[in-house]
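[1] got a predicted structure here, sequence first:
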Amino acid sequence: MSPFILTALFFSLGLGTTLTFASSHWLLAWMGLELNTMAILPLMAQNHHPRAIEATTKYFLTQATAAAVILFASITNAWVSGEWNIQLTAHPLATTMIILALSLKVGLAPAHFWLPEVLQGLDLTTGLILSTWQKLAPFALILQLSSANSGLLIFLGLTSTLVGGWGGLNQTQTRKILAYSSIAHLGWMVLVLKFAPHLTLLALILYILMTSSVFLTLKINNSMTINALATSWTKTPAISTVAPLALLSLAGLPPLSGFMPKWLILQELTKQQLPLTATLAALSALLSLFFYLRISYSMTLTMSPNTTPASAPWRLHNPQFTLLLSASTALSLFLLPVTPTVTALLLSP
């Protein structure tokens with residue numbers, strides 16, 4: 001793809017998200033979401049592979065449906081209350097419809113069916129954009145809906161954590177595993193949204209850092225399946241040493257950064273007299289831990305089946321840019337000791 005077209009598409013992606021961030025009017029926010037969707041479609045279809053075209057079509061239809069529901073709900077709210085302001089969306093029907101539409105946009109269960117299939121058809125760079133940047137604009141709108149039904153959010157959150165855990169258990173494709181990982185993490189964010197929005201923001205930031213680290217590691221190794229990860233150790237031993245730690249951080253194991261949001265969310269749910277919800281969420285994290293351990297095992301403790309002459313392949317110079325990988329991996333591993341500082345920064349006005 002031409003560098004000029006790529007620049008225009010990335011600029012449009014940034015503009016769409018920024019427009020949604022900055023808007024207080026539903027029509028402007030809707031325009032930002034649509035701009036975001038239109039900008040990523042050419043990136044998704046650039047490989048001209050049938051799987052990529054199928055994924056692009058599925059993504060377009062899903063996002064168009066969600067955008068239509070958001071537009072309809074916002075018009076309904078304006079008709080009933082005469083108010084287009086996002087933070088003053090008070091009508092319960094309109095609020096519920098918008099929450100469900102935004103859940104469809106980001107891939108929350110039970111509206112998650114499109115996400116694993118779409119991510120499976122993309123290359124790892126576009127998959128990284130879809131899993132991280134594309135979540136920002138819908139979450140900015142969800143965070144502003146102060147009148148959202150807490151029961152609905154808890155249902156969506158619990159369903160997502162459980163579906164994300166169960167769905168990834170029998171997968172062998174790394175992109176599908178990361179899609180179910182995304183669903184589970186989104187569930188954790190939505191669970192605590194009504195009670196402590198700053199924890200949702202913290203979980204989203206750390207999820208983006210950890211997922212970026214894992215996607216960039218897979219991109220350097222060019223590993224699309226768990227079996228292909230067995231060659232990682234011979235190709236990039238340093239990255240293969242650190243990558244399992246980033247995966248375990250995604251799983252939420254202490255003393256890694258991923259433990260921070262899970263710990264604080266469980267603490268907040270307990271404070272809100274929701275012990276059963278907290279228990280189910282914690283148990284669902286064990287399901288996710290299983291498939292993260294599978295990937296870690298394949299990377300570090302498995303040798304690929306090679307003949308004797310081919311058992312030590314040449315380590316050629318890799319021209320890929322690794323600064324973003326090293327920065328995201330370091331932040332994914334070492335942020336837990338600064339938890340008080342991070343929470344204080346998020347709570348400060």
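    Everything's here; your move.
[2] where does the stretch 1-150 of the chain dip in pLDDT?
    Within the stretch 1-150 of the chain, no stretch has pLDDT under 70.
[3] can you tell me how far Ala203 sits from Gly187?
    The gap separating Ala203 from Gly187 is 10 Å, by C-beta to C-beta, to the nearest Å. C-beta here means a position set from N, CA and C on the backbone, and glycine is covered the same way.
[4] next one: Ser2
    39 Å.
[5] where is the longest helix in this protein?
    helix 50-81 (DSSP state H).
[6] which parts of it are buried?
    52, 55-56, 58-60, 62-63, 66-67, 69-71, 73-74, 77-78 (16 or more other C-beta atoms under 10 Å).
[7] check stretch 168-177 too.
    168, 171, 174-177.
[8] just stretch 89-98 next, same as before
    For stretch 89-98, a neighbour-count test (16+ other C-beta under 10 Å) marks 89, 91, 94-98 as buried.
[9] distance from it to the middle of the chain?
    25 Å (C-alpha atoms, centre = their mean, to the nearest Å).
[10] ok, and what's touching it?
    The contact list for stretch 89-98, computed with C-beta atoms under 8 Å, 6 or more residues apart in numbering, reads 26, 69-70, 72-74, 76-77, 80-81, 83, 141, 145, 147-149, 152.
[11] buried residues, stretch 267-286. List them.
    Going by neighbour count (16+ other C-beta under 10 Å), the buried part of stretch 267-286 is 268-269, 272, 274, 277-278, 280-281, 284-285.
[12] before we move on, back to that, now the very next helix or strand once past the longest helix of the chain, how far from the chain's geometric center?
    Following helix 50-81 in sequence order, the next helix or strand is helix 92-106 (DSSP states H and E). On the basis of C-alpha atoms, centre = their mean, helix 92-106 is displaced by 18 Å from the centre of the chain it belongs to.
[13] for stretch 70-83, same thing?
    The answer for stretch 70-83 is 29 Å, by C-alpha atoms, centre = their mean.
[14] same check, this time on stretch 188-199
    Taking C-alpha atoms, centre = their mean, one finds the center of stretch 188-199 at 15 Å from the center of the full chain.
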